Structure formats: structure tokens, C-alpha cells
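sequence first, then the predicted structure:
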2 protein chains.
Amino acid sequence: MKSNEPAPVAPRNKVTIHDIAEKLNITASTVSRALNDNPRISDVTKKAVLKAAKQLNYQPNNIAAALRNGKSYIIGIIIPTADRSFFASVVRGIEEIANKLNYKVIISQSYDNYDKEVQTVDALLSARVDGIIASIGKNTENFDHFKRPQEKGIPLVLFDRTTDDLEVSQVMIDDYLGAYKVVEHLIQQGCRRIAHFTSPKKVSIFKERLRGYLDALRDHEIPFDESLVIKSNLQLEDGRESMKQLLKLEQRPDAVFSASDYGAMGAMQVAKEQGLKVPQDIALAGFGNEPFTSFSDPALTTVDQFSLTMGRITAELFFENFKQSGDNKLVPQKTVLKPELIIRGSSLKGTGPKK
Amino acid sequence: MKSNEPAPVAPRNKVTIHDIAEKLNITASTVSRALNDNPRISDVTKKAVLKAAKQLNYQPNNIAAALRNGKSYIIGIIIPTADRSFFASVVRGIEEIANKLNYKVIISQSYDNYDKEVQTVDALLSARVDGIIASIGKNTENFDHFKRPQEKGIPLVLFDRTTDDLEVSQVMIDDYLGAYKVVEHLIQQGCRRIAHFTSPKKVSIFKERLRGYLDALRDHEIPFDESLVIKSNLQLEDGRESMKQLLKLEQRPDAVFSASDYGAMGAMQVAKEQGLKVPQDIALAGFGNEPFTSFSDPALTTVDQFSLTMGRITAELFFENFKQSGDNKLVPQKTVLKPELIIRGSSLKGTGPKK
DNA sequence: CCTTTAAGGGCAACCGATTGCATTTCTCAC
DNA sequence: GTGAGAAATGCAATCGGTTGCCCTTAAAGG
């Protein structure tokens, strides 16, 4: 039946404020104001508009509003990868705050790839986000692409993997302190030859962790042995290689502090494969408190970074700057969170005092 | 010096095609066409426009284009959480394909929360995404909110956690087959009392895994014992609890197949704590091939879901439907991928034939 | 009864890019 | 020299809301 209809064009759901206006015999401006709860519109009209909107199944076109307002109510997040509990949690924290303020969030991943990171910045900019929150990729050494948002008046805030080469607000944890605590703990457990896995990259977090390691050794009058510091990409496989390298040394280390949990996990695998007992023969500690660190046997001592909190704080800082933006040139703020040492089986020899 | 400048208004970088047009003494339409490489524009003009655009640091306003075209070139992804290697990888696969086609991707997380999921759908819709790719939250039992995109002509494709209550294309893996293979493998290893951790939720993936478990038992003439099937939320802690429950049984199981890797990991912890040897005393297997499954000791037997591939295929399916959308009502397609059994130490007793 | 004023809306420009339909300019052929 | 046609642009409407400013109406004040 009715096989000759005027073409079943997809019901292009084109309900606009004009349709509502027409239905009520008023103008679009009134509808717009009514929907935005503008005091110039009477309650009667507002109710009528709301009702009609519901009836027609009206869906506001934010793109039009964004065009007119110059605001999209979207903020872009750039992270190396979402596939890391740390970053995922930070995003969650940011989202929490942003949603409260009616902002949506676009997540994009740079995969620690410099080119992709540059592209991503441009992509977000061209998507007209209202601001960007980012954590810099491992391989990034030139930060010019992060200057572009600011040139355009798009606020930028960095977290965790930051740089001082840019004049932006940043939120990070005290990597130095975290590392210092780990090493001090290992020393208290009786370790004297403590190895360290670090990264060759120009990322401040790794430099800080190395610095914490060095200072802790120094403060406890333990001589520094360069052969115990191994640079790698800090992934599982790198940890394995690094550990193998360490075990070839004449004087084996009695502990390893890896600047990443993955590296520590690789070290644990190799240690066990070689018949070494953890922590008796060799104590291990990582950094980051990735969930899997509690799954291993023994569970891994590590440093918690309060990722959720970091996300929240980053977002709050962002929105603070955000309001300001325009008149007073906001002074970039640097927020540093205190990390927490999580002591688990991989470093607990039970000899030293459990501090 | 120069302390009395005309107010250092933020350089509102308002370069539009009109500015370019003015500079070159042509019109905006010509500039637009030149930028879009329209054949009606001469090469000379095109080059001039490109040059001027660069000089002025022109940045196209996609919002304006989106408004005009009715396309945002953004597709929304809804996942329960990005903090799971599986979902993160799928997203990566989707992104890969989408970026090739010049689409950007918005990720939003439902956190397995029904209300948040509903909100998210609306948020994406009002952000005017061109399409939605989603994986349904665990607690979702009503799917009406997923009908809205379709009503508006916004294509929707589901992956992994799907439902047949909706007429949409979906991509999933053969959970039944994966589970069947796992259980068959355990049987071949000599296990006879095989427990199963499943979820009480109405999510098809868990039902399918259960079905695979049951059928494998039946096909190998192993009697089904209801007390060996334990329902929980399948997280680490749940796995621990479930395992404790199992160990209280008069007839302990000699194997556990958990529908999630987390559950299996919890079981392993408890087993080891109770002095049981894995896999000698009890074999274990999970599902999902989360990265941490290779970190445990022994490493966990599990099922790989080809998440990256799933993402790519989902995106391809999406864009296929996408083109069609409008005229011919696209017939929803269902793509089922074959999973792969990953055999590791937690189930290898070395007795049965390594098939 | 006339004026003032506030309330409630309407008008129309605007945001920036896109595009169907002219219009202008050349080139070529007759 | 003139008309046909192609080539290269210009004009103006459009996408859907938003907003400054103007207009109408009616209650309030004198």
C-alpha cells in the first residue's frame, strides 16, 4: 500500500528553533532565549517552547551555537596512550571536572610518536576545541607545536610529562621525591648495590627519578656505580634485557629500581628464570603503581602517582586559567603532587625496619 | 617602552577566508574553492591563495564548514573504560582507519554505568558526531538510548559487547568458540572438574562463553556440576572470592576457566596463597589476553581477541554503512572474528598432548 | 488623560565556509 | 567583426543559533 509516496526520504530530523517558532507563532529569537532561560522571556512562553521542543523532538545544533559563540565546549586531551592505567585515570579525573562544567572531552593519543603528536595538536585546533590538556610524548624534543594553541588563544595545560621550555601551567608529581623514597627504602632493607633503569629520553620525569636515585645513594653514603644505571625504553622487554645485562656483571646488584613498572616486571621475570629469589637475592621496585604490579608474585613495590587526583587538579587548574584568559596574562602555575611509596613483597626482606 | 599601546588585546587570530580574499582582491568563494582544490579555479589563483593562507597563518574553521555541510567529520566512540588493554586497542584500530579517511575520533567512557551511558549518547549526538561506535556497558539492559542515533540518521555500529535487541551492524569475536577451545584444552590436560567464573549480567559475551564451556564438557562426556559455576563481577577481587568459595567444596575443582583475565588472576593469587601449585594442583585459564596475563607466574593461559583487528574491522564496517546511509536501508551486518587460544604455563601440565 | 517605563518580543545582522547560479573575460571560429 | 562557448570568478543564499537594538503593549505615575 501507498507504494507511490513522495519518496521515503530519510526523516532528516531537521527540527530547528525555527520549526518551534513557527509552530508557536513566535520568532526564532524568542525560542532561542526561552531555551536559554533568558529572563526577558515570560514563563508562559518558556513553558510553551519547552513543551513544543519536546513534542518535535528538538535537538539543539551545537555546531551552530559554537560557530556563533566561538566556543565549542569541547576540550582536547592529548596523551601518549590510553592503554595505561595512569593516563586512563588522569583522563577520568579530568572528565569528572569537565563534565560538571558542561564541557565534553576529546581524547587523542600520540602513541609517543612525535609526528602524530604534532598532527594531533593541529587536529584539535582545527576541531576548534576550547582548550588542550596534554602529556608530552617520550620522543618529543621540540615543543614548537605546543606553542600554536597559545598563539591562537587556546589555553594549554600540561601534566606529568611536561617541559619547562614552554610557558604553561603544569601539574606533575614529585618524581624526585618518589624515587628518593624508593631508594631509601631499598637501602633500609639492606641493599647496597642498587641498580637503576632509566630512559635516555629528554623527559623530565625520568631525569628527576634518576636524580632522586643519585641523591638517596649519596645521602646514605653508598658509592655510585655507573655500570648499574641502564638506559632503555623501559618496556617489559627492555626490562628483561637490562636485567640480563646486570646479571652478567661481576658484582651483581642486590636491588633494582626501575623508573617504570614495566621495566621492573621484565626484571622480575628474568630474575626468576635465572633462579634468583625476589626479594632475597634481589629486591625490585618500580614506579607508577600500574594495576598489574599487585598481580605479580611477589607483588611489586612501586610508587603511586595519584592519577585520579592529578586529573582533577589538572582540570581545575585548566578552568581557572580558562576564565582569566583574555585580559590579565595568566602566570603559569606549577603544581607538584607528593607521590606515595607502596611497599610490597618484591622489596620486603623483612630485615630492615618497616618504616 | 611603548607602554601606551592601544591595549594589548589578545591577537584573536581571526584569519578567515575573507581576509585572504581581501588581501588578494578576490572573493571568499574563490578562496574557498581554491583551498578545496576546485577545478574551476586557475592554478595561478590557487597558488596565490595557498601562499597568502600560509602568510596569514590561516586556520580553517571546521565548525563553520560543519554547519554548512552538516558533517563534523568526527565520530564518537563509547566504551566502558579506556583503562583496559582490550578497549584501548580497539580504539586504536578504529582510529587508524578513521584517520585515513580524515575523520577524528571522540572517545567517551561509560564506566559501565547505565546513566552515564545514556548521557554519553546524548552528548555525542548534541556534539553532532557523524556516527557512533559503541561497546555496551555491563549493566545496560535497556537499549532505547541506542535507538536515538538511528532515528536521527546517525549510523551506529556495536562491537564486542553487543545486543541483538538493536538492528545495527556489529562486530564481535566468537566467544563460544574461544571458551570451547579453552575448556577442551583443559580437558586434554587431564582436568575433569573444571570450574567456570561467569557474570550474572545480561551481556551476550558471558552467556556465549558459558555456552562454550557447557558444550565442551558435554562433548567430552564430563558431567556438569552446577556448584562449579560461579557468578560475579569478574574483577580481581571477585576472582579471589570465587576461588575461596571453590576451595571450600568437598570435591575441589582441578581447573578454573574464568570468563575474564582479572577473575583468573584473583584465583591464581588465592590458589598460591593456599599452597596450591598452578597448574599441577589446579589449572587456570582466563579470557581476553590482557597484557598482565603474561606477567604472572605462571603466565596465564587465555584467549586472544585480536582487539586491534576488531577495531579496524569495526571502523571499516562503519564507513561502509556510512556511505550507504541515506538511500538503501542498509542491512545490519554481523561480523564474527575467530579468537585464538593462547596456551601458557597456568594450564600446561605437560601430560596431555599439546594440541 | 497624558507620559514614563518596564516587560515581552521581533528584526536582522552575524559567525565562517560552501555552492548553485549568474556574470565577466577570453579565445576561437566563421 | 561578431557570436558561441569555455574558463575563471563573483554574488548571494544558506547552515542554525545568538544577540544588540528597536518596537509594541500595558501598567504605573502624576
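Ah, there it is.

domains of chain A?
Residue ranges for the domains of chain A, per automatic domain parsing: A:17-60, A:175-305+A:341-347.

and the ones you listed as a markdown table, adding distance to residue B:291, mean neighbour count and mean pLDDT?
Any C-beta I mention is one placed from the backbone N, CA and C, and that applies to glycine too. Shown next, in a markdown table, are the domains of chain A (distance: least, Cβ to Cβ, whole Å; neighbours: other Cβ atoms under 10 Å in any protein chain shown; pLDDT from 0 to 100):
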| stretch | distance to residue B:291 | mean neighbour count | mean pLDDT |
| --- | --- | --- | --- |
| domain A:17-60 | 40 | 15 | 94 |
| domain A:175-305+A:341-347 | 7 | 21 | 95 |
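
which residues of chain A fall in helices?
With helices called from DSSP state H, chain A shows them at A:17-24, A:28-35, A:43-56, A:62-69, A:85-100, A:114-126, A:147-151, A:175-188, A:204-219, A:236-247, A:261-273, A:307-324.

quick check: buried residues in the longest one?
Of the residues in helix A:307-324, those buried by neighbour count under the rule 16 or more other Cβ atoms under 10 Å in any protein chain shown are A:307-308, A:310-319, A:321-322.

got it, and stretch A:161-180?
For stretch A:161-180, the buried set under the neighbour-count rule, 16+ other Cβ under 10 Å, comprises A:161-163, A:166, A:168-180.

gap between the two ends of that stretch?
19 Å (Cα to Cα, to the nearest Å).

what does stretch A:297-314 give?
34 Å.

likewise stretch A:100-117?
Start-to-end, stretch A:100-117 (Cα to Cα) is 28 Å.

is DNA strand D within reach of it?
No - shown here: stretch A:100-117 not in contact with DNA strand D (Cβ under 7 Å from any atom of the strand), separated by at least 12.3 Å.

before we move on, back to that, ok, and which of the buried residues of stretch A:161-180 reach DNA strand D?
Okay, of those, nothing touches DNA strand D (Cβ under 7 Å from any atom of the strand).

would you mind giving the helices of chain A as a markdown table with distance to residue A:337 added?
As requested, the helices of chain A are exported to a markdown table (distance: least, Cβ to Cβ, whole Å):
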| stretch | distance to residue A:337 |
| --- | --- |
| helix A:17-24 | 46 |
| helix A:28-35 | 41 |
| helix A:43-56 | 44 |
| helix A:62-69 | 34 |
| helix A:85-100 | 11 |
| helix A:114-126 | 24 |
| helix A:147-151 | 24 |
| helix A:175-188 | 10 |
| helix A:204-219 | 13 |
| helix A:236-247 | 26 |
| helix A:261-273 | 18 |
| helix A:307-324 | 6 |
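
out of the ones you listed, which gets nearest to residue A:194?
Residue A:194 lies closest, by Cβ to Cβ, to one member of these: helix A:175-188, at 5.4 Å.

return the list of helices and strands in contact with that closest one.
Using 3 or more Cβ pairs under 8 Å, 6 or more residues apart in numbering or on different chains; DSSP states H and E as the contact test, the elements touching helix A:175-188 are strand A:194-198, helix A:204-219, strand A:255-258, strand A:283-285, strand A:302-304, strand A:340-342.

could you tell me how far it lies from the centre of the chain?
Relative to the chain's own centre, helix A:175-188 is displaced by 23 Å; criterion: Cα atoms, centre = their mean, to the nearest Å.

OK, contacts around the residue nearest the centre of chain A?
With distances taken as Cα atoms, centre = their mean, residue A:87 lies nearest the centre of chain A, 3.9 Å away. By Cβ atoms under 8 Å, 6 or more residues apart in numbering or on different chains, the contact list for residue A:87 reads A:79-81, A:135, A:307.

if we use 6 Å, what do you get?
Residues counted as contacts of residue A:87 (Cβ atoms under 6 Å, 6 or more residues apart in numbering or on different chains) are residue A:79.

what does the pLDDT read for it?
Listed pLDDT for residue A:87 reads 93.

for residue A:64, which of the helices and strands packed on helix A:175-188 is the nearest?
When the helices and strands packed on helix A:175-188 are ranked by proximity to residue A:64 (Cβ to Cβ), helix A:204-219 comes first, at 42.5 Å.

and the pLDDT for whichever residue of the stretch 101-250 of chain A sits closest to DNA strand C?
Here the stretch 101-250 of chain A gets closest to DNA strand C at one residue, residue A:128, 9.4 Å apart by Cβ to the nearest atom of the strand. You'll see residue A:128 listed with a pLDDT of 85.

what is the burial count for it?
A count of nearby residues for residue A:128, using other Cβ atoms under 10 Å in any protein chain shown, gives 23.

which residues touch it?
Residue A:128 makes contact with A:72, B:63, according to Cβ under 6 Å, 6+ apart.

show me the contacts for residue A:90.
With Cβ under 6 Å, 6+ apart, residue A:90 has these contacts: A:307, A:310-311.

contacting residues for the closest residue to it other than its chain neighbours?
Leaving aside its sequence neighbours, residue A:90 sits nearest to residue A:311 (Cβ to Cβ, 6 or more residues apart in numbering or on different chains; 3.9 Å). Residues in contact with residue A:311 (Cβ under 6 Å, 6+ apart) are A:90, A:93-94.

which one of the residues you listed sits closest to residue A:197?
Using Cβ to Cβ, the contacts of residue A:311 come closest to residue A:197 at residue A:90, 23.0 Å.

where's the closest one relative to residue A:126, distance?
To residue A:126, residue A:90 is 24 Å away according to Cβ to Cβ, to the nearest Å.

residue A:275 too?
In terms of Cβ to Cβ, residue A:275 sits 56 Å off from residue A:126.

repeat for residue A:267
43 Å.

within range of DNA strand C, give me the residues from the stretch 151-300 of chain A.
Residues of the stretch 151-300 of chain A lying near DNA strand C (Cβ under 7 Å from any atom of the strand): none found.

and stretch A:122-141, how far apart are its ends?
End-to-end distance of stretch A:122-141 (Cα to Cα): 18 Å.

touching DNA strand D at all, it?
No - Stretch A:122-141 does not reach DNA strand D (Cβ under 7 Å from any atom of the strand); its nearest approach is 13.3 Å.

in that stretch, which residues are buried?
Neighbour counts over stretch A:122-141 (16+ other Cβ under 10 Å) mark A:123-140 as buried.

quick one: that stretch to chain centroid distance?
Its chain's average C-alpha position is 12 Å from that of stretch A:122-141, according to Cα atoms, centre = their mean.

for residue A:260, give me its contacts.
Residue A:260 sits in contact with A:234, A:287, where contact means Cβ under 6 Å, 6+ apart.

and for the residue of the stretch 151-300 of chain A found nearest DNA strand D, the neighbour number?
Residue nearest to DNA strand D within the stretch 151-300 of chain A: residue A:153 (17.7 Å; Cβ to the nearest atom of the strand). When counting by other Cβ under 10 Å, one arrives at 14 neighbours for residue A:153.
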